[in-house]
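kindly return the folded structure for what I paste below:
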Amino acid sequence: MALLTVQGAELAFGHHALLAGVDLAIEPGERIGLIGRNGTGKSSLLKAIAGELKLDAGEIRHAGGVRVVFLAQEPAFEPGLSVSQAVTRALANDLDEHEAWQCAHRVEAALSRFSLDGDAAIDTLSGGQRKRVALAQAMVREPDLLLLDEPTNHLDIAAIVWLEGVLRSFRGAVLMITHDRRFLDAVVTRIIELDRGILRSYPGDFATYLRRKADELSAEALERARFDKLLSQEEVWIRKGVEARRTRNEGRVRRLQALRAQREARRERIGRARLAVDAGEKSGKLVAELIEATVRFDGRAVLHEVSCLIQRGDRVGIVGPNGAGKTTLLRTLLGQQRPDAGRVRLGTQLQLAYFDQLREQLDPEATVVDTISPGSEWVEIAGQRIHAMSYLERFLFEPARARSPVRTLSGGERNRLLLARLFARPANLLVLDEPTNDLDIDTLELLEELLDDYPGTLLLVSHDRAFLDAVVTQTLASEGEGRWQEYAGGWSDVETARQRAAASTTAPATRAGTAGEDRSRPLPTQGIGPAEAPPSARRDPARAKLSYREQRELEALPERISALEAEQQQLAARLADPATYRGGDGEAASLRAMNERVTAIETELMGCLERWEALEARRG
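Below you'll find the model as predicted:
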């Protein structure tokens, strides 16, 4: 029996329908991922299920005694509370005052499970720690259905992996909004997509959803092309003139009217954001260098004798737990934070664009269009003038939305606005501090493509593992106590290198010297110049991390090679058949074409094989 059933849910803001007759049933034990574009109504659906928002039409039915708990995207806490008090008050929502004191052990168990200090003040916690407190508040109530809105926001990678385990072991059902693709693959048993007011269900993980969605979109495009062709033919027929009007029948006229109404009512698939960035002038070869840099806060070393070199064209990921000093490392590299010891060298001709994870660069009272182009109707991109409204449409802001104040935007829309503002300025050094928070999956993939083509230097702080793997070519990872280690590649490469290092410490030493040495290594504690930079800092192009497009190319090559080999075998069989040579002049032309095709296949096949070997070598 379903825990909860939604039938015929309808919800609209103005003339824009967010929910258009949505149906949904949630079964016990399901873990469902709710995905869709920013602004399509995902959070509104969750709030309606939680009873915080009233539908325009439809109904939501709960099974008897089902307890539903909703965790908002940005949890709010009463000021002045300790962590223990905040969790206890959440439990008191379900108990009267007489019973609440009996459940202190449930609170203590929740604090232990979520690694929280009960005496800590809520007001002093980081974003990641506050999210842990909110999760503890939700879990201590022992819900049958847990509703989560972007649960991974503000969590570091270790905390996200930990949360995956918590949700997989949770006995109740989960409905969550998230755009973290690795998280979806690790946790969910079903994907539901909200698209143009319609909810569609896809059993399985995110990878399964991607395959089925691609097939659906292809079929939808074909059906619409047929529909539009029929409508066009009927429009031509109705306008043929007096002679045609004498012969036309009323049934055909009524069909044309119905086609027109159907076309008018058809909701087009939401357009894709079109992102572009002006890389400006080339910087010098050296971008930034730390030489035995140490930075301390309250007696604790955030950076301890760290040396590293960033050169033009590097795409560097910076990862570590919350509070490890990722932002401090960034600020030190950019010369905004003076080290307590050691030196910082900055390159020349640097044009910096900085994406702030807290969005402090946005004035909440300014309009969207004024944020992009204050006092002017035009934006200049790479020497070309573009109207501000047209530029904002590239980032999916309609004209009415572009005139709204920033405070009315959702989290994803604010991130898109900040990216639009960032990319409106020339920059040869992009610094992105958690740019993926709240962005929908389509925009994430487009941002990946943009950064893949960006010719400048990139410094990226992110907890999105799939995004790191797609974008960066080297990673600086916190190892604790102010130590930072450099790895070639993205997060998957960091995981692999750490596993190999852990295995090597438990295995007996069978080799001496540096043979078989792991490619990850601590950042050197001695000063290094450009000539002495470690190999991954010099970023050998032949061993660079595969780009997003190269990954897709590598995935498609085996199928292409198989198709060419099959065609090659078919042609060889025909050319070996005596019957092929019994024709006349026409057959001679066909033989020439077959032989030319054989030669072309051989050339293309060799090129595909060489490309496959090169990409495999770089990936390996």
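
could you pull up the residues touching the nearest residue to Gly320 once chain neighbours are set aside?
Spatial nearest neighbour of Gly320, excluding adjacent residues (Cβ to Cβ, 6 or more residues apart in numbering): Ser478 at 2.9 Å. Glycine gets a C-beta too; all of them are placed from N, C-alpha and C. The contact partners of Ser478, taken as Cβ atoms under 8 Å, 6 or more residues apart in numbering, are 319-321, 324-326, 484.

switch the cut-off to 6 Å
Each residue near Ser478 by Cβ atoms under 6 Å, 6 or more residues apart in numbering is listed here: 320, 324, 484.

most neighbours of all the residues you listed, which one?
Most neighbours among those, by other Cβ atoms under 10 Å: Trp484, with 27 neighbours.

per-residue confidence for Glu555?
Turning to Glu555, the model gives it a pLDDT of 83.

would it count as being in a helix?
Yes: under DSSP: H, G, I helix; E, B strand; the rest coil, Glu555 sits within a helix.

quickly note the distance from it to Leu615.
10 Å (Cβ to Cβ, to the nearest Å).

neighbour count winner among these two?
Ranked by neighbour count (other Cβ under 10 Å), Glu555 and Leu615 place Leu615 first, with 17 against 10.

the more buried one contacts Arg552, doesn't it?
No: with contacts counted by Cβ atoms under 6 Å, Leu615 stays clear of Arg552, the gap being 10.7 Å.

any weak-confidence spans in the stretch 201-350 of the chain?
Residues of the stretch 201-350 of the chain meeting the criterion pLDDT under 70: 234-280.

what are the ranges of the helices in it?
For the stretch 201-350 of the chain, helices defined by DSSP state H, counting those that start in this stretch occupy the ranges 206-238, 242-247, 250-265, 326-333.

tell me what the lengthiest helix in the chain is packed against?
Ranked by number of residues, the top helix in the chain under DSSP state H is helix 585-619. Applying 3 or more Cβ pairs under 6 Å, 6 or more residues apart in numbering; DSSP states H and E, we find helix 585-619 packed against helix 548-576.

got the angle between the helix it packs on and helix 585-619?
Per axes from the mean of the first three to the mean of the last three Cα atoms, to 10 degrees, the angle that helix 548-576 makes with helix 585-619 is 150 degrees.

now do helix 548-576: distance to the chain's middle.
32 Å (Cα atoms, centre = their mean, to the nearest Å).

before we move on, what about stretch 58-73?
28 Å.

list the residues that contact the closest residue to Arg483 other than its chain neighbours.
Distances taken as Cβ to Cβ, 6+ apart put His304 closest to Arg483, at 5.8 Å, once the chain neighbours are dropped. Residues near His304 by Cβ under 6 Å, 6+ apart: 294, 482-483.

mean confidence score for the helix or strand hosting Asp185?
According to DSSP states H and E, Asp185 maps onto helix 181-187. The pLDDT scores in helix 181-187 average 94.

and what of stretch 79-93?
87.

go on, stretch 150-158?
Stretch 150-158 comes out at a mean pLDDT of 89.

pull up the distance across it, start to finish.
16 Å (Cα to Cα, to the nearest Å).

buried ones in that stretch?
150-157 (16 or more other Cβ atoms under 10 Å).

and the furthest pair within those residues?
Glu150 and Ile157 (15.9 Å; Cβ to Cβ).

one step back: which strands and helices lie in contact with the helix holding Asp185?
By 3+ Cβ pairs under 6 Å, 6+ apart, helix 181-187 packs against helix 157-169, helix 206-238, helix 465-471.

mind checking how far Asp123 is from Ser590?
82 Å.

same thing with Asn38?
Asn38 is 56 Å from Ser590, by Cβ to Cβ.

the more surrounded of these two?
Neighbours were counted for Asn38 and for Ser590 using other Cβ under 10 Å; Asn38 has more, 23 against 13.

you'd agree that one is in a strand?
No: using three-state DSSP, the assignment for Asn38 is coil, not a strand.

residues in contact with it?
Asn38 touches 412-413, 440, counting by Cβ under 6 Å, 6+ apart.

so what's it scoring on pLDDT?
At Asn38, the pLDDT recorded in the model is 81.

in space, what's closest to it - neighbours in sequence excluded?
Gly412 (3.2 Å).

and the one you found, that's in a strand?
No: checked against three-state DSSP, Gly412 lies outside a strand; its state is helix.

I figured it hits Asp438, correct?
Yes: the criterion here is Cβ under 6 Å, and Gly412 meets it with Asp438 at 4.0 Å.

tell me which residue lies nearest the centroid of this protein.
Leu444 (3.9 Å; Cα atoms, centre = their mean).

residues contacting it?
With Cβ under 6 Å, 6+ apart, Leu444 has these contacts: Thr436.

please repeat the previous calculation with a cut-off of 10 Å.
179-181, 435-436, 464, 466-467, 470 (Cβ atoms under 10 Å, 6 or more residues apart in numbering).

farthest pair in these?
Among the contacts of Leu444, Arg181 and Pro435 lie farthest apart (Cβ to Cβ), at 15.2 Å.

thinking again about what came up before, distance to Glu495 and neighbour count added to the contacts of His304, as JSON lines?
Output for those, formatted as JSON lines (distance: Cβ to Cβ, whole Å; neighbours: other Cβ atoms under 10 Å):
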{"residue": "Thr294", "distance to Glu495": "28", "neighbour count": "17"}
{"residue": "Gly482", "distance to Glu495": "22", "neighbour count": "19"}
{"residue": "Arg483", "distance to Glu495": "18", "neighbour count": "16"}
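
in strands, which of those residues fall?
If you go by DSSP state E, the contacts of His304 have 294, 483 in strands.

let's have the contacts of His304 in JSON lines, adding distance to Ala50.
Below are these laid out as JSON lines (distance: Cβ to Cβ, whole Å):
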{"residue": "Thr294", "distance to Ala50": "48"}
{"residue": "Gly482", "distance to Ala50": "43"}
{"residue": "Arg483", "distance to Ala50": "44"}
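
how many neighbouring residues does the residue nearest to Glu216 when sequence neighbours are not counted have?
Once flanking residues are discounted, Glu216 sits nearest to Arg200: 7.9 Å by Cβ to Cβ, 6+ apart. Number of residues near Arg200 (other Cβ under 10 Å) recorded here: 14.

dump the residue contacts of Arg200.
Counted by Cβ under 10 Å, 6+ apart, Arg200 has contacts 36, 191-194, 209, 212-213, 216.

just the buried ones out of the residues you listed, please.
Buried among the contacts of Arg200 (16+ other Cβ under 10 Å): 36, 191-194, 209, 213.

which one of these is nearest Glu393?
Gly36 (20.0 Å).

isn't that closest one up against Thr178?
No: look at Gly36 against Thr178 with Cβ atoms under 10 Å: they stay out of range, at 11.4 Å.

follow-up on the earlier one: okay, the helices and strands packed on helix 181-187, which one's buried deepest?
helix 465-471 (a mean of 24; mean count of other Cβ atoms under 10 Å).

and the following helix or strand past it, which strands flank it?
Counting by DSSP H and E, the element after helix 465-471 in chain order, helix or strand, is strand 474-480. Strand 474-480 pairs in its sheet with strand 315-319 (parallel), strand 483-488 (antiparallel), by DSSP bridges.

next, the angle from strand 474-480 to helix 326-333.
Going by the same axes, to 10 degrees, strand 474-480 makes 120 degrees with helix 326-333.

which residues touch Ala134?
Applying Cβ under 10 Å, 6+ apart, the residues near Ala134 are 71-77, 86-87, 90, 114, 148, 151.

and Gly58, what helix or strand is that in?
strand 57-62.

which residues sit against that strand?
Taking Cβ under 10 Å, 6+ apart as the rule, strand 57-62 contacts 2-12, 19, 21-25, 45, 48-51, 68, 144-145.
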